[in-house]
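*Asks:* how does the following fold in three dimensions:
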Amino acid sequence: MFSPEFYVASGLLLLISVLASKASGRIGVPALLVFLAIGMLAGDEGVGGIQFDNVELAQALGIIALSFILFSGGLDTKWDPIRSVMGRGIALSSVGVLLTSLLMGVFASAVLPGLSLLEGLLLGAIISSTDAAAVFSVLRSKGVRLKGNTKPLLELESGSNDPMAVFLTIGFLAILKENQFSWGLATQFVQQMSVGAVFGFIAGKSLAYAINRLNLEYEGLYPVLTIACVALTYGLTELGGGNGFLATYLAGLFLGKERFPHRRSLSQFHDGAAWLMQITMFLVLGLLVYPSKLMPLALSGLLLSAFLMFVARPLVVYLLLLRSEFDFRERSLIGWVGLKGAVPIILATYPFVAGVEQAEYIFNLVFFIVLTSIVVQGASLPWVSKWLDLEEESSHDSSPLHTSDLYATLDGELKQVVVHPESEAVGRNIAQLALPEGSLIALIQRSNKYIIP
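*Replies:* Predicted coordinates:
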């Protein structure tokens, strides 16, 4: 039974995190970094003095959190934009993750004394995935809108590469414990990915069918239905020998592809749930780490971070996108956008649970690499996209409209169109705009005022 102090501390940490996220947007760093810092300040060596060293609980929370984060990411992914980059995105999220982990593993074992090749490969697998939440929180905070297919590719790759990182981590852990490679891992990979894909497809289609047919009496029960689906999808997929994380992502992706009522409210609910999970995980992971143990690893961590950011990630991206529609500037930006987030730190708890001798060393290195990635790549991402001329011009006030859920039941799509000062539409009335057939202007925003035409 939790004490009243637990509820007070939990509420305060969540409240501080939400309020601090407002400031993070102004200084151009991901809100996730702020959550992590709050967790560290609240920890045993911080001002909060909270003692937390339950790695098993942190890992269990991480699995739950990652399932809901991936489902929300899949639900919010637009199918039409990613269709044209599907092949490249899958290549980056699978082969790209594998190559990155191999490069990092060989380099880490070569430059770090006392770290074997297998332990280096384990470290490489843990930090091989790109975090979608970190990438797009930076882009949104600075109002960066990327040109062409760069954004859909980043969205697909960063949202779907976590299952591969999880598989590689578990696989290298198994090899490390048995001290020998087994070709059974290749068979296991095919099984996990294929079963995960099938279960994810079935779950997404079944959930869409249920939402359209059940006609529940209370709208508030629909989020409960989707929560149950996320838990069932992950659990049943794992029981069936598949990758539960891949299944939950695909369930959200295939659900988002369908038409169903209450779409807006469900999307907003799962967006809020994903933020809650991310905040909780970063706070918990911040409590787990001891800042005093990070400083002795500063040189090693910076060396690994530099290799990851300037060599491994760009090299893999250039290789996999060599003969593609993406030019040199686009490949350069994609190579730079390799931000790390909660997933590597969650995966860094796996060696602890498995009893790996170098578990604490690997965890602290991963933590340091994630911090460096968020600070360096996160802060420079808006500048790099502008320098490479891959940023679309945005209006002076492009804040998203907050609308009701009514349009979700209509046979259409709500879009926000910015009228620039040099546009030919300026000074004309609606009848003179020659709008496409079937379109309807529902709301006009001027500065902070809204006009219903």
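
*Asks:* ok, residues contacting stretch 160-171?
*Replies:* Stretch 160-171 is contacted by residues 66, 70, 89-90, 92-94, 96-98, 101, 122, 125-126, 128-130, 185, 188-189, 192-193, 196, 243, 245-246, 249, 343-344, 347, 350 when judged by CB atoms under 8 Å, 6 or more residues apart in numbering. (Each C-beta comes from the backbone N, C-alpha and C, glycine too.)

*Asks:* ranking helices and strands of the chain by mean pLDDT, which lands last?
*Replies:* Least confident helix or strand of the chain, by mean pLDDT, DSSP states H and E, is helix 132-141 with a mean of 64.

*Asks:* return the distance of the next helix or strand after it from the chain's centre.
*Replies:* Using DSSP states H and E, the helix or strand that follows helix 132-141 in sequence is helix 150-160. The chain centroid and the centroid of helix 150-160 are separated by 10 Å, computed with CA atoms, centre = their mean, to the nearest Å.

*Asks:* pull the CA atoms of the very next helix or strand once past helix 150-160 into CSV?
*Replies:* Towards the C-terminus, the helix or strand next in line after helix 150-160, according to DSSP H and E, is helix 162-178. C-alpha atoms of helix 162-178 as CSV (Å, rounded to 0.1, in the frame of the first residue of the first chain):
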residue,chain,number,x,y,z
ASP,A,162,12.1,-0.1,-31.7
PRO,A,163,11.1,-3.7,-32.3
MET,A,164,14.3,-4.4,-34.1
ALA,A,165,16.4,-2.8,-31.3
VAL,A,166,14.5,-4.9,-28.7
PHE,A,167,15.1,-8.1,-30.7
LEU,A,168,18.8,-7.4,-31.1
THR,A,169,19.2,-6.6,-27.4
ILE,A,170,17.5,-9.8,-26.3
GLY,A,171,19.4,-11.8,-28.9
PHE,A,172,22.9,-10.5,-27.9
LEU,A,173,22.0,-11.0,-24.3
ALA,A,174,21.2,-14.7,-25.1
ILE,A,175,24.5,-15.0,-26.9
LEU,A,176,26.4,-13.4,-24.1
LYS,A,177,24.9,-15.7,-21.5
GLU,A,178,25.5,-18.9,-23.6
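
*Asks:* average pLDDT for stretch 433-450?
*Replies:* Averaging pLDDT along stretch 433-450 gives 78.

*Asks:* show the end-to-end separation of that stretch, please.
*Replies:* Start-to-end span of stretch 433-450 (CA to CA, to the nearest Å) is 19 Å.

*Asks:* next: stretch 236-245.
*Replies:* Taking CA to CA as the criterion, the two ends of stretch 236-245 lie 11 Å apart.

*Asks:* give the buried residues for that stretch.
*Replies:* Residues of stretch 236-245 classed as buried by neighbour count (16 or more other CB atoms under 10 Å): L236, T237, E238, G242, N243, G244, F245.

*Asks:* need these in a markdown table (columns: pLDDT).
*Replies:* Listed next are the buried residues of stretch 236-245 as a markdown table, based on pLDDT from 0 to 100:
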| residue | pLDDT |
| --- | --- |
| L236 | 97 |
| T237 | 96 |
| E238 | 94 |
| G242 | 92 |
| N243 | 91 |
| G244 | 93 |
| F245 | 90 |
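
*Asks:* from the residues you listed, pick the one nearest L146.
*Replies:* Here the nearest of these to L146, counting by CB to CB, is F245; it sits at 26.0 Å.

*Asks:* poorly predicted segments of this protein, please.
*Replies:* Along the chain, segments meeting pLDDT under 70 span 1-2, 24-30, 132-144, 180-184, 393-413, 431-432, 448.

*Asks:* my read is A9 is in a helix, agree?
*Replies:* Yes: membership of A9 in a helix is supported by DSSP: H, G, I helix; E, B strand; the rest coil.

*Asks:* please report phi then psi for the nearest residue to it once chain neighbours are set aside.
*Replies:* Computed as CB to CB, 6 or more residues apart in numbering, the closest residue to A9 that is not its neighbour in sequence is I50, at 6.8 Å. The phi/psi pair for I50 (degrees, to the nearest 10) reads phi -80, psi 130.

*Asks:* show the contacting residues for I50.
*Replies:* Shown in contact with I50 (CB under 8 Å, 6+ apart): A9, A42, G43, D44, L287.

*Asks:* state the pair within the buried residues of stretch 236-245 that is farthest apart.
*Replies:* Greatest spatial distance in those: L236 and F245, 13.4 Å, computed using CB to CB.
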